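Asks: I need the structure of the sequence given here:
(chains A, B, C and D)
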4 protein chains.
Amino acid sequence: MIQVTLIQIDNYGPWTVTPGPRAEPDLQALQSRLYGDLEREFGAHGGIVFFNRFDNLIAISNGMDYDDHLLIQKSIRNRYPITISMGVASASTPIEAQKIATKLIQDGGGAQSEERCEILEIDSLASEDDSQVQIAHIDIDDITGTLTDVASAYDTSLVVYEVLVTLMKEFEAIGGMCFFIGGDNYMAPSNGITEDVLRDTLKSVDKKTGVTLKAGVGISTSAGRAADLADIGLEDIRAKSTDDSVIFLDDTSSY
Amino acid sequence: MIQVTLIQIDNYGPWTVTPGPRAEPDLQALQSRLYGDLEREFGAHGGIVFFNRFDNLIAISNGMDYDDHLLIQKSIRNRYPITISMGVASASTPIEAQKIATKLIQDGGGAQSEERCEILEIDSLASEDDSQVQIAHIDIDDITGTLTDVASAYDTSLVVYEVLVTLMKEFEAIGGMCFFIGGDNYMAPSNGITEDVLRDTLKSVDKKTGVTLKAGVGISTSAGRAADLADIGLEDIRAKSTDDSVIFLDDTSSY
Amino acid sequence: MIQVTLIQIDNYGPWTVTPGPRAEPDLQALQSRLYGDLEREFGAHGGIVFFNRFDNLIAISNGMDYDDHLLIQKSIRNRYPITISMGVASASTPIEAQKIATKLIQDGGGAQSEERCEILEIDSLASEDDSQVQIAHIDIDDITGTLTDVASAYDTSLVVYEVLVTLMKEFEAIGGMCFFIGGDNYMAPSNGITEDVLRDTLKSVDKKTGVTLKAGVGISTSAGRAADLADIGLEDIRAKSTDDSVIFLDDTSSY
Amino acid sequence: MIQVTLIQIDNYGPWTVTPGPRAEPDLQALQSRLYGDLEREFGAHGGIVFFNRFDNLIAISNGMDYDDHLLIQKSIRNRYPITISMGVASASTPIEAQKIATKLIQDGGGAQSEERCEILEIDSLASEDDSQVQIAHIDIDDITGTLTDVASAYDTSLVVYEVLVTLMKEFEAIGGMCFFIGGDNYMAPSNGITEDVLRDTLKSVDKKTGVTLKAGVGISTSAGRAADLADIGLEDIRAKSTDDSVIFLDDTSSY
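Replies: This is a model prediction of the structure:
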């Protein structure tokens, strides 16, 4: 089971324009700080946070319980002008866990509700026995040589975001999620997706977008450890230790 | 003339995997901090930074000269384990300025060159007389009611990123650029794009993606002030002070 | 047993002036960030960090083991231009634990050694059974009315730092430590110091410095929880629920 | 004339315990972040901030006007759960400027007033013609060999803070101020203090505390540049280019 936490800033839209519109550089600094802090806070417990839309962040939180979440929620209130609500759910696929987590938040009140404040709802936690996180770290083959060093910065970005949207769609279709993590890198929580299915998915995206993707995949009991394994796998491919576009590394016995 | 600064982390890819892959939560915290800091540094001089791909950031830097950039470059070296290179160029359209800025960086050495370190190249600065920044702040009409509060968090994000890619393409075709700034918000440096062309562009994106976009547009001598005006324009539309999907606010006499 | 971690930046002095002196605002930002980050990292595991001299920080780290420290050490390396070494020791008094921790660091190489890098030495960890942290939160009675609102900012600070030095000396004499934590607040890890001894110590400082001190004291298995209890105790005194200048709150059974 | 800005968090004491006491690690992170941010904000305009007591910070702000301060004040409100008030004054000595700045803040309302919010009062700004900042960067001779590498961390800190208090008093007596900036370093805004007087002051502190102090002194039109010169002077002494314990570097013509 993979455990997903949806983090939503309470009543953020209205706050950004009250009493008048707040300066954009301040809001950008606020959002990037909040993301960086949440990344550190979840990271201290083996979790990983994806910035997603910055006001709605998605974390893989296996191993973290109610108290761990509560401490983070309080800490944000003590250091930021805004508060956050969180919904936590576990399921056999990332997309399903995320759906349940979203529902918890929505049932607690709208994103622009003045009443909702610091909801913390848990549908179910991944137990120690069945906790498992599969994460794919995907990147574009030789983006430096084919794009960054030859195309304009904007054109390179356009390709990177087109690949993102295509990956997001294809992963959703097979039960996963995919997030942009900077540069030409993507991370896909992908429990239940096999090597064959993943290889086909990457090839399908290659075809649609014109790039060549590769992926290291890690499987472990925590998101942090799974991501570490995924990174090692990706490095192995870069080092040409394989012709394959995907490598799976698993440190759980149950796989 | 709009002035664009392309900021590129030196030799970042290789650094992230030396000696072995560095923990992803650390890299994410590093990147978000760097972005937040650059936003503050440029913001202190009236500029705005867009995170773009996080390792390649794009700033609108009208009013900032060589020394302003140098101070920022040194400050990053003193507080981060990485260094940055910058290319600065001004032109009549954002897309053109960005192209020249990219070229400066590329000519200084590849993004994964071990030799290139702290390039700071200026092609041309916008002079006080002809400095002008036009920025559109675009958002999705009632995303809370139509998506955030009813669809899953992931599905909402998918729409937001699809809209982003479509906006990126359409703006490039008319000389502009477009960036995601969180939530359902986009900012488009758009010098030279008229009200009619902008209205048509948004309608075209609406049609392709199924959402309804609106935009406040600010024109001023600095990016910060232009963004402030754009925010006010967007608020006016939200407050239904107009039926139009675009409002232009201009505090320069030359427009 | 109280567990103390001494954190020392490796070869910091030489780094600050290589190749030439680095800008002071940058160094100040670096140091305050490092402190804030370490506070969050240790805080996520129930610990507390005192900034001490900023390049030598002292943490109360009960409940944290080798791996917890290692993760923090690596994370700093991944996000800062400097690295840190750590020595960890537990003892029945704070001052003794700190002495052993210092020795570990010194034996690993000098503070300005070019060779020493990321030492992580543990003398002994407080076991779950005998882990206990006693922390006093001390403040100056009505500093706002007697100093902040009537004296100059500098004169108020002078008093606050004179009180600090006097507290530091008196606490050392009875086996404790005392740190400034901002405003008119001090925190004293004080395992083994009884109510009577603490009351006398505060009175002695009052006499020497002309202020009136009060203290809430918390006793628990972690520094974070002990500090929470100390805060509650201090609030009780402020709320005049007692005439006494000290309140002890203990949530361990062994006391 | 030296220009001083006193920055005070509005109603901070009450906020830290409302509704109940907030977690100390959160408050420490908040304070250190605020300091780091203010250091960057003032630093972007050539200023320097000293953390002082963290809830009352003192900046040397020559070259910064009302709008520069207002932008910072707004930016803090947009990113923090607290707001700040500021008083700005210039005078021929640092201690006098600080006194006037304090008075402005006090007249605006008490430090724990619920009503006072975001006061920004300017008594007088240093004009371009008469702007001058003299800053001494002082450190303890060979603290690594005499203390850090041989004494316990706590004992070393005790000496460092004793030296601080002695410096604070002696500088006040001659019209200056002195602040701790980490490690064994102190910075003293010291307009009007001559080489002879400074040399005698350091010797007096040496005698009272048992350490040996040295100082590089910079004189310029901005605090940042003065601090840079002070750093260079201190490096010259370290490099034994002089037997003297003080070096003055001046890049203004008026001196």
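Asks: Quick check, residue A:69 in contact with residue A:5.
Replies: Yes - taking Cβ atoms under 8 Å as the contact criterion, residue A:69 and residue A:5 are neighbours in contact, 6.9 Å apart. (C-beta placed from N, C-alpha, C; glycine too.)
Asks: I'd say residue A:135 and residue A:189 touch.
Replies: Yes - under the criterion of Cβ under 8 Å, residue A:135 is in contact with residue A:189, at a separation of 5.7 Å.
Asks: Quick check: neighbours shared by the two?
Replies: Here residue A:135 and residue A:189 share the contacting residues A:60, A:223, scored by Cβ atoms under 8 Å, 6 or more residues apart in numbering or on different chains.
Asks: picking up where we left off before, mutual contacts of residue A:69 and residue A:5, please.
Replies: Taking Cβ under 8 Å, 6+ apart as the contact rule, the neighbours common to residue A:69 and residue A:5 are A:61, A:86, A:88.
Asks: Quick check: the last one is in a helix.
Replies: Yep, that's residue A:88 we're talking about. No - Residue A:88 sits outside any helix when classified using DSSP: H, G, I helix; E, B strand; the rest coil, being strand.
Asks: For it, name its beta-bridge partners.
Replies: residue A:5, residue A:122 (DSSP bridges).
Asks: what about it, neighbour count?
Replies: When counting by other Cβ atoms under 10 Å in any protein chain shown, one arrives at 26 neighbours for residue A:88.
Asks: And the first one, by the same measure?
Replies: Here the number of neighbours of residue A:61 (other Cβ under 10 Å) works out to 32.
Asks: One more: residue A:100?
Replies: When neighbours are counted by other Cβ under 10 Å, residue A:100 comes out with 18.
Asks: Tell me how far it lies from chain B.
Replies: 9 Å (Cβ to the nearest Cβ, to the nearest Å).
Asks: quick one: contacts of the helix or strand where that residue lies?
Replies: Assigned by DSSP states H and E, residue A:100 belongs to helix A:94-107. Helix A:94-107 is contacted from outside by A:1-6, A:8, A:58, A:60, A:85-91, A:119, A:121-123, A:171-172, A:175-177, A:189-191, B:149-154, using Cβ under 8 Å, 6+ apart.
Asks: Now the buried members of the residues you listed.
Replies: Buried positions within these, assessed by neighbour count (16 or more other Cβ atoms under 10 Å in any protein chain shown), are A:1-6, A:8, A:58, A:60, A:85-91, A:119, A:121-123, A:171-172, A:175-177, A:189-191, B:149, B:151-154.
Asks: I'd like the distance from the worst-scoring helix or strand of chain A on mean pLDDT to the chain centre, please.
Replies: Using mean pLDDT, DSSP states H and E, the weakest-scoring helix or strand in chain A turns out to be helix A:143, at a mean of 91. Taking Cα atoms, centre = their mean, to the nearest Å, the mean C-alpha location of helix A:143 is offset from the chain mean by 22 Å.
Asks: And stretch A:77-96, by the same measure?
Replies: Between the mean C-alpha location of stretch A:77-96 and the chain-wide mean there is a distance of 12 Å, by Cα atoms, centre = their mean.
Asks: repeat for stretch A:22-34
Replies: The chain centroid and the centroid of stretch A:22-34 are separated by 20 Å under Cα atoms, centre = their mean.
Asks: and it, does that touch chain D?
Replies: Yes - part of stretch A:22-34 sits near chain D under the criterion Cβ under 8 Å from any Cβ of the partner chain, namely A:22, A:23, A:25, A:26, A:27, A:29, A:30, A:33.
Asks: and the second one, what pLDDT?
Replies: The confidence metric pLDDT takes the value 94 at residue A:23.
Asks: Quickly list the domain ranges of chain A.
Replies: Here the domain assignment for chain A is A:2-122, A:133-250, based on automatic domain parsing.
Asks: Make TSV out of those and add distance to residue B:13.
Replies: Output for the domains of chain A, formatted as TSV (distance: least, Cβ to Cβ, whole Å):
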stretch	distance to residue B:13
domain A:2-122	20
domain A:133-250	7
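Asks: can you tell me if stretch A:173-192 touches chain C.
Replies: No - figure legend: stretch A:173-192 not in contact with chain C (Cβ under 8 Å from any Cβ); closest approach 14.2 Å.
Asks: If the residue minimising distance to the centre of chain A is in a bridge, with which residues?
Replies: In chain A, the residue lying closest to the centroid (Cα atoms, centre = their mean) is residue A:50, at 3.4 Å. Counting by DSSP bridges, residue A:50 is bridged to residue A:58.
Asks: how about the strands in the stretch 1-150 of chain A?
Replies: With DSSP state E, counting those that start in this stretch applied, the stretch 1-150 of chain A shows strands at A:2-9, A:48-50, A:56-60, A:84-91, A:120-122, A:133-140, listed in chain order.
Asks: Tell me, how many residues neighbour residue A:212?
Replies: Here the neighbour count serves as a burial measure; for residue A:212 (other Cβ under 10 Å) it reads 16.
Asks: cool, residue A:240 as well?
Replies: Residues lying near residue A:240 (other Cβ under 10 Å) number 7.
Asks: Does it lie in a helix or a strand, and which?
Replies: Residue A:240 is located outside every helix and strand, with elements delineated by DSSP H and E.
Asks: And the pLDDT at it?
Replies: 80.
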